[in-house]
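A.B. asks: Structural data only, the sequence is not supplied:
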């Protein structure tokens, strides 16, 4: 279900938004509009949905309008035209009072430079949103403590922001947003001001928090690695307009134009490609109990392969058999495949990164099985297709 | 053939306006009179009720409590002691009362105006030239209209002082609130704070140091004006200086002048400390 719907949202800064909007609708370029009207097009006709419980990363370089866009969602910036529908409510139709109520109830926001209030200690910062709602003092404290605990800052309540490191400050920022237990989080470059190691920690933490919280999150970022890591879907923006919307794999595998392709080139492909995107369907398998050595041999011959994965009746992976051993069984007149099955084999989950696969595949000759959490075979990976996938995306294994 | 441009009767016009105000604003001037006069009376009689030495000790204790600095406290004790020794104690009490009452009135009008200007750009555009005008007009000129409103005396002095010392209270308040980082205000907005919540929870606390700087300036200006206002009957230390000028007594003039400096230093140190907290 769509929690947030943006329909043709446009934001123009300057004194003559109407004139600029008309020019924009005629298809005039951003620069021309700026030269003629002095108005700057911040966001240009953006439409997309954010589904419940989903993280959508809006990504673009600085000046691409991504921060402006997120501010249009809760009307910190007044959109010039278009519709913004949150929980079925047209946000642009709210009056001032209703808008404040709406902001209090629906959204938590996290800012790039943390925006902690320097005159308040940590717990009072976290309590801020509840204070604005005029929540009862004890309730306030209780919820704030809980939010602090959630971000791993239990017991830091009486420190002041300047006493904390950047990473901790942003945890406070996150706790402040979470204390309200909003359905939706708007995160404006929330981790961009942190150094890379801390940033990665915070990303991991957000992912693990999200597994229990299932919030609807709009995350703004200029970092493609971050977008690929966090985003269920990614909205790529350039010059205020959307260039491509899709899952991380979509964006990587099918960049819609030069711009996206160029962006994607920078990514360390071996970290982003996963077993799931590379694997192919296994051409054939042997079923334990049904298929004897002769059937297995015929299947291998038909597909011109030297090994065959063996599954039980529930499609669970049992092991692998190799052609020479199966031939041995046939010579002995065995009826069962059982004695030839090698049980100790390499198997990985669909989310395994290509870089790990690469390490794993050094020194084993058979294909790697990709299995889900129930050990069901999803696909296989042979060295050739791994190399091909990496080479195709311009990566360097 | 001589041709003369008629002189524009600017002065006449101003006088006409003042006369109009004097007759039609009597209720306001009476109210101001009552507040100011009563304020000074209470402060003066309060400070004169106890023996000067005891009062000096009390003031020293207050200074120490506020600043926690031994140097400033010792200076307060010795400075006020010197003033008492020179026979200027009652004049000093009078000056202090005038300054404090004028400052209280100036900041209780000035800070709200400053807040209003910070939140409303149009208001600021109107108020700013008025402030510029107020600050560049020679201080003496304020004394003249004060007389038709209030007659000679302390209330007229306070009125002139309030007008003269208010601009920094307005300016610094506006500046302080505008200097609050935009991101913090935006954050308060994002959490659904209304105008008053933003003002009292974020903007004023963060502007406090700057506003206190403005209050400091207001007090210093008030002190200088109170001295000038001796010319229209403000008495106090300024009155002593004024009398010394008229009688050509440089010694007495300097004594009173040094008294003013001592009061100024004490007030400044205390206020600076308060602004830093």
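C.D. replies: Looks like it came in fine. Keep in mind that what you see is a predicted model, and the values were worked out from it rather than measured.
A.B. asks: From here on, just use CA atoms for contacts and neighbour counts.
C.D. replies: Noted.
A.B. asks: Where does pLDDT dip in chain A?
C.D. replies: For chain A, applying pLDDT under 70 flags the ranges A:266-271, A:390-397.
A.B. asks: Skip the chain neighbours and tell me the closest residue to residue B:234.
C.D. replies: Nearest non-adjacent residue to residue B:234, counting by C-alpha to C-alpha, 6 or more residues apart in numbering or on different chains: residue B:154, 4.7 Å away.
A.B. asks: how many other residues sit next to residue B:220?
C.D. replies: Applying other C-alpha atoms under 10 Å in any protein chain shown, we find 20 residues neighbouring residue B:220.
A.B. asks: So it, which state does it fall into?
C.D. replies: Of the three states, residue B:220 takes helix under DSSP: H, G, I helix; E, B strand; the rest coil.
A.B. asks: Look up how far chain A lies from the residue nearest to residue B:234.
C.D. replies: As judged by C-alpha to the nearest C-alpha, to the nearest Å, residue B:154 and chain A stand 41 Å apart.
A.B. asks: what about that residue, neighbour count?
C.D. replies: Neighbours around residue B:154, by other C-alpha under 10 Å: 24.
A.B. asks: That one: what's it in contact with?
C.D. replies: Residue B:154 is in contact with B:37, B:98, B:232, B:233, B:234, B:235, counting by C-alpha atoms under 8 Å, 6 or more residues apart in numbering or on different chains.
A.B. asks: The nearest residue to the third one once chain neighbours are set aside: how many residues sit nearby?
C.D. replies: Okay, so that is residue B:232. Counting by C-alpha to C-alpha, 6+ apart, residue B:152 is the residue found nearest to residue B:232 once chain neighbours are left out, at 5.5 Å. Around residue B:152 there are 17 other residues, counting by other C-alpha under 10 Å.
A.B. asks: now the residue in chain A positioned nearest to chain B, what's its secondary structure?
C.D. replies: In chain A, the residue found nearest to chain B is residue A:100; the distance is 4.3 Å by C-alpha to the nearest C-alpha. The assignment at residue A:100 comes out as helix when based on three-state DSSP.
A.B. asks: Residue A:366 now?
C.D. replies: Local secondary structure at residue A:366 is given as coil here, using three-state DSSP.
A.B. asks: for residue A:209, same thing?
C.D. replies: Put simply, residue A:209 is helix when judged by three-state DSSP.
A.B. asks: burial of it, as a residue count?
C.D. replies: Other residues near residue A:209 come to 14 when the count uses other C-alpha under 10 Å.
A.B. asks: for residue A:369, same thing?
C.D. replies: Neighbour tally, residue A:369, other C-alpha under 10 Å: 27.
A.B. asks: contacting residues for it?
C.D. replies: Taking C-alpha under 8 Å, 6+ apart, one finds A:346, A:347, A:348, A:377, A:378, A:379, A:380, A:381 in contact with residue A:369.
A.B. asks: ok, so of those residues, who is nearest residue A:325?
C.D. replies: residue A:346 (18.8 Å; C-alpha to C-alpha).
A.B. asks: Now for residue A:103: which residues touch it?
C.D. replies: So residue A:103 contacts A:74, B:190, B:191, B:192 (C-alpha under 8 Å, 6+ apart).
A.B. asks: I'd like to know how many residues surround the third one.
C.D. replies: Using other C-alpha under 10 Å, residue B:191 has 29 neighbouring residues.
A.B. asks: quick one, helices of chain B?
C.D. replies: B:10-24, B:26-48, B:52-67, B:70-85, B:89-119, B:121-136, B:139-150, B:154-178, B:182-190, B:195-197, B:204-228, B:236-247, B:250-276 (DSSP state H).
A.B. asks: give me the low-pLDDT residue ranges for chain B?
C.D. replies: Under the criterion pLDDT under 70, the flagged ranges of chain B are B:1-2, B:277.
A.B. asks: How about the residues of it by chain A?
C.D. replies: B:183-184, B:186-187, B:189-194, B:197, B:202, B:205-206 (C-alpha under 8 Å from any C-alpha of the partner chain).
A.B. asks: what's the burial count for the residue lying closest to residue A:87 once chain neighbours are set aside?
C.D. replies: The shortest distance from residue A:87 to any non-neighbouring residue, by C-alpha to C-alpha, 6+ apart, is to residue A:3 (5.3 Å). Neighbour count of residue A:3, defined by other C-alpha under 10 Å: 19.
A.B. asks: ok so, going back, which one of the residues of chain B next to chain A sits closest to residue A:147?
C.D. replies: residue B:191 (16.0 Å).
A.B. asks: how about the closest one, phi and psi?
C.D. replies: Note on residue B:191: backbone dihedrals following degrees, to the nearest 10 are phi -90, psi 10.
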